[in-house]
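Trainee: Sequence and predicted structure below; questions after.
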Amino acid sequence: MVTLEKIVNLCKRRGIIFPGSEIYGGLAGTYDYGPLGVELNRNIKEAWRREMFQLHSNIFGVDSSILMQRRVWEASGHTSAGFTDPLQECKKCHHRFRADHLTEQRIAKCPDCGGELTEPKRFNLLVETHLGPVKDDASLTYLRGETTQGIYVNYRNIKTAVRAELPFGIGQIGKAFRNEITPGHFIYRMREFEQMEMQYFVRPEEADKYFDHWKEERLKWYLALGMKKENLRFRPHAKDELAHYARAAEDIEYNFPFGWHEIEGIHNRGDWDLSRHSEFSGEDLSETDPKTDKKFYPYIIETSAGADRLTLAFLIDAYNEIVGGRTTTTKSTKDVEVVLRLHKKLAPVKVAVLPLSKKDQLIKAAKEILFDLKRAGLVTDYDDTQSIGRRYRRQDEIGTPYCITFDFESVNDQKVTVRDRDSMKQDRVAIAELSLWLKENLES
Ligand code: ATP
């Protein structure tokens, strides 16, 4: 059974994710990626980037500022009362909780001290900051609460620059900040996190069609990256749950150890965003129908995922424990081996080079292979400590698809043993063909 605790421990132990500012006691809702986490998170973003920008000729990238004009957030509705999450405050300990979470869990008293709760109230989730030398109301601005607003304000710039026609999309990967009242479940809910958002601009009459299209496309993306079908589902939002801008919304939910929760939202935002930004900025963001000459605002179909939430979901999905072990000869039921069956595209390390023993001759040859693989662009690891079984085990635990051993026979036949993480099958591959063999197999 995979628990959140096991994932948190693995992440800490193997340098995937650490609590933010840990030596100072941490800072709630912040986490830092370690060496392996950097690679895993980067691979997830790269798979998204490839899907959106590489495989579509009508989706374009943007990288907008985290700091934006305050008016942007007025136009988007983030600073008005209607947007923010309703909270209930404990009258005794003054801790605040999301009203919808309390209702969901049928909790009527303060979860921390049992005190009486206030009626639900709305609070602003945007993180405030001040720009310039004077900290007053005029210098107040916000760290962006979502990446998508940076897409809308660039709608006209991008459409003109690339001469795009509807339908077309604009996507962005970047940091977002929310003063979440109850951050938690490790990197599931953070105060600083990264989003991967794609906004697809369509004619209003085609919005329903593209909403369905993107729902299916996004689900396929998860499945293609090896996520288990039974751990994914759609959850349509009920009418009374829809955000102020949304005409339709469905979450893609993942079956986390702490329940089914959203990892991505697919929304039909209607003409809310472009009409509001036209109104607030004075810049006309409407289009004209060439046939009827009538003006209209494109509708927006949004796909919005969190890179950190996906990192957590992919880690959980890949986590396997093999009781009795598989690399050891002394099979004991107390022996539990962890194998992270991450998709090869996502695995942080692609190949580990392991000389069979610490003999100089083997180490020297193994290091030559290692640097060849590095030069070929593969993320590698090198390990010459302890027994080969233990070294396989360490690589299995971080999901390395291939381990290469250079042994005494290699000296004579110029071949190495390549061991597959999942099947544990071992192949002898000529050193001269190794990087090509690996690249082909990593792609397959
Ligand atoms: P929730 O209901 O969980 O607060 P949301 O509906 O507010 O999420 P969106 O605004 O739709 O989330 O954001 C889109 C995606 O961004 C989410 O599906 C999630 O993957 C990610 N995300 C949102 N908030 C956070 C957060 N605090 N920490 C990590 N990821 C987040």
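Mentor: Structure received. Computed from a prediction, not measured in an experiment: that's the story for all the values here.
Trainee: pretty sure Arg156 is in contact with Glu283, am I right?
Mentor: Yes. Under the criterion of CB atoms under 8 Å, Arg156 is in contact with Glu283, at a separation of 6.8 Å. To be clear about C-beta, it is placed using only N, CA and C from the backbone, and glycine gets the same treatment.
Trainee: Those two: who's more crowded?
Mentor: Between Arg156 and Glu283, counted using other CB atoms under 10 Å, the more crowded position is Arg156 (16 against 11).
Trainee: what's the neighbour count on the residue nearest to that one when sequence neighbours are not counted?
Mentor: Leaving aside its sequence neighbours, Arg156 sits nearest to Leu285 (CB to CB, 6 or more residues apart in numbering; 6.0 Å). Other residues within reach of Leu285 by the criterion other CB under 10 Å amount to 20.
Trainee: Looks like Leu285 contacts Ile300 (just checking).
Mentor: No. Distance between Leu285 and Ile300: 11.1 Å, which falls outside the contact criterion (CB under 8 Å).
Trainee: where do the contact lists of those two overlap?
Mentor: Both Leu285 and Ile300 are contacted by Leu274, under the criterion CB atoms under 8 Å, 6 or more residues apart in numbering.
Trainee: Closest to the mean position in this protein, which residue would that be?
Mentor: Ala307 (1.6 Å; CA atoms, centre = their mean).
Trainee: now it: how far from Ile322?
Mentor: Computed with CB to CB, to the nearest Å, the distance linking Ala307 and Ile322 is 29 Å.
Trainee: likewise Tyr245?
Mentor: The separation that Tyr245 has from Ile322, given CB to CB, amounts to 47 Å.
Trainee: Between the two, which has more neighbouring residues?
Mentor: Between Tyr245 and Ile322, Tyr245 has the larger neighbour count (other CB under 10 Å), namely 20 against 13.
Trainee: Check whether that one sits in a helix, strand or coil.
Mentor: Reducing the assignment to helix, strand or coil with DSSP: H, G, I helix; E, B strand; the rest coil, the entry for Tyr245 is coil.
Trainee: Now do the contacts for it.
Mentor: Tyr245 makes contacts with Gly77, His267, Arg269, Gly270, Trp272, Asp273, as judged by CB under 8 Å, 6+ apart.
Trainee: again, only using 10 Å
Mentor: By CB atoms under 10 Å, 6 or more residues apart in numbering, the contact set of Tyr245 is 76-77, 82-83, 267-273, 276, 300, 302.
Trainee: Extract the C-alpha trace of stretch 59-68 and format it as PDB.
Mentor: Presented in PDB, the C-alpha positions along stretch 59-68 are these (Å, rounded to 0.1, in the frame of the first residue of the first chain):
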ATOM      1  CA  ILE A  59      -0.500  26.400 -30.000                       C
ATOM      2  CA  PHE A  60       2.000  29.100 -29.100                       C
ATOM      3  CA  GLY A  61       4.100  29.700 -26.000                       C
ATOM      4  CA  VAL A  62       4.500  32.700 -23.800                       C
ATOM      5  CA  ASP A  63       6.400  33.400 -20.600                       C
ATOM      6  CA  SER A  64       4.800  36.400 -18.900                       C
ATOM      7  CA  SER A  65       5.800  38.300 -15.800                       C
ATOM      8  CA  ILE A  66       4.900  37.200 -12.400                       C
ATOM      9  CA  LEU A  67       4.300  40.800 -11.500                       C
ATOM     10  CA  MET A  68       1.400  42.400 -13.300                       C
END
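Trainee: What residues sit buried inside that stretch?
Mentor: For stretch 59-68, a neighbour-count test (16 or more other CB atoms under 10 Å) marks Ile59, Phe60, Val62, Ser64, Met68 as buried.
Trainee: Also stretch 32-50?
Mentor: 33-34, 36-37, 39-45, 47-48.
Trainee: Same question for stretch 103-114.
Mentor: Applying a neighbour-count criterion of 16+ other CB under 10 Å, the buried positions in stretch 103-114 are Cys110.
Trainee: wait, does it contact the ligand?
Mentor: No. In this structure, stretch 103-114 remains apart from the ligand according to CB under 6 Å from any ligand atom; the gap is never smaller than 11.0 Å.
Trainee: in the stretch 301-444 of the chain, which spans are helices?
Mentor: Listed from the start of the chain, the stretch 301-444 of the chain has helices (DSSP state H, counting those that start in this stretch) covering 307-318, 360-375, 388-398, 408-413, 434-443.
Trainee: How many residues are close by the residue of the chain found nearest the ligand?
Mentor: The chain approaches the ligand most closely through Gly306 (2.5 Å), counting by CB to the nearest ligand atom. Other residues lying near Gly306 total 23 when counted by other CB under 10 Å.
Trainee: do the same with Glu5
Mentor: The tally of other residues near Glu5 (other CB under 10 Å) stands at 10.
Trainee: now the one 3 residues further on
Mentor: The local packing of Val8 (other CB under 10 Å) involves 18 other residues.
Trainee: show me what contacts it?
Mentor: Contact partners of Val8, counting by CB under 10 Å, 6+ apart, are Ile16, Ile17, Pro19, His185, Phe186, Ile187, Leu312, Leu315.
Trainee: tally of neighbours for Ser435?
Mentor: Applying other CB under 10 Å, I find that Ser435 has 18 neighbouring residues.
Trainee: Would you confirm that it contacts Val351?
Mentor: Yes. Ser435 lies in contact with Val351 (CB atoms under 10 Å); the separation is 9.3 Å.
Trainee: and the chain, what are its domains?
Mentor: Structurally, the chain divides into domains by automatic domain parsing as follows: 4-66+145-315, 349-443.
Trainee: Can you list the residue ranges for strands in the stretch 51-200 of the chain?
Mentor: 59-61, 67-68, 86-89, 96-98, 121-122, 127-130, 140-143, 168-177, 192-202 (DSSP state E, counting those that start in this stretch).
Trainee: Save the ones you listed as JSON lines, and put in distance to the ligand too.
Mentor: Converted to JSON lines, the strands of the stretch 51-200 of the chain look like this (distance: least, CB to the nearest ligand atom, whole Å):
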{"stretch": "strand 59-61", "distance to the ligand": "18"}
{"stretch": "strand 67-68", "distance to the ligand": "16"}
{"stretch": "strand 86-89", "distance to the ligand": "13"}
{"stretch": "strand 96-98", "distance to the ligand": "8"}
{"stretch": "strand 121-122", "distance to the ligand": "14"}
{"stretch": "strand 127-130", "distance to the ligand": "11"}
{"stretch": "strand 140-143", "distance to the ligand": "13"}
{"stretch": "strand 168-177", "distance to the ligand": "7"}
{"stretch": "strand 192-202", "distance to the ligand": "4"}
